[in-house]
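Q: have a look; sequence and predicted model below, questions after that.
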Amino acid sequence: MQWTALVALLVVTVALAVGWRATQGRARTTPQVADAGHDGGADWADVLASAGTTLGERATFLQLSAEVCSSCRSTARTLGDLAAATPGVVHVEIDVDDRPDLVRATRMLRTPTVLVLDPDGAEAARASGAMTPAQARTALTAVEGARTAGRTS
């Protein structure tokens, strides 16, 4: 009886771990809403201006990170490399300790959280957890897909 319970617990734990791992860094497209910025605050262009940069011509990766987050550092490298290699793409990392208003406004639950913004500053996708280069490229195509869909509607 004890072995059966132990094996069942192990199977459930492994299934939960595999499911959790599969969601790490995967970008989910964001439904388009009337407000391109966040709840009740300045728009994303203002947020980026306060960080000393502007929206990218093609896309912007806005990464919300914490200093103690090891996944944040690897995600920053991944997104920085993609932005450096892709014309019109900008990567901006903002420390959530410096901007707690963004944590509330974006309903962020963990770090890193990456918002993928289109050239107009509208959120096209978001990802939580460490991102691989392949996931970052997929998130970038989500912006292009959203812009194409917006032109046809």
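A: Received the coordinates, thanks. Residues are numbered from 1 along each chain as shown.

Q: what about residue 86, distance to residue 57?
A: From residue 86 across to residue 57, the span is 11 Å (C-beta to C-beta, to the nearest Å). Using the backbone N, CA and C atoms, a C-beta is placed for each residue, glycine as well.

Q: and these two? which has more neighbours close in?
A: More crowded of residue 86 and residue 57, by other C-beta atoms under 10 Å: residue 86, with 16 against 11.

Q: who are the contact partners of the more buried one?
A: Each residue near residue 86 by C-beta atoms under 8 Å, 6 or more residues apart in numbering is listed here: 58, 140.

Q: where along the protein do the strands fall?
A: Taking DSSP state E to define them, one finds strands in the chain at 28-29, 59-65, 89-95, 113-117, 123-128.

Q: so who does residue 119 touch?
A: By C-beta under 8 Å, 6+ apart, the contact set of residue 119 is 55, 56, 57, 58, 59, 88, 147.

Q: what pLDDT does the fourth one get?
A: Which is residue 58. Confidence at residue 58, expressed as pLDDT, is 92.

Q: just send the strands of the chain back as a markdown table, with distance to residue 76 too.
A: Converted to a markdown table, the strands of the chain look like this (distance: least, C-beta to C-beta, whole Å):
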| stretch | distance to residue 76 |
| --- | --- |
| strand 28-29 | 20 |
| strand 59-65 | 6 |
| strand 89-95 | 5 |
| strand 113-117 | 10 |
| strand 123-128 | 13 |
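
Q: lowest average confidence across the ones you listed, which one?
A: strand 28-29 (a mean of 60).
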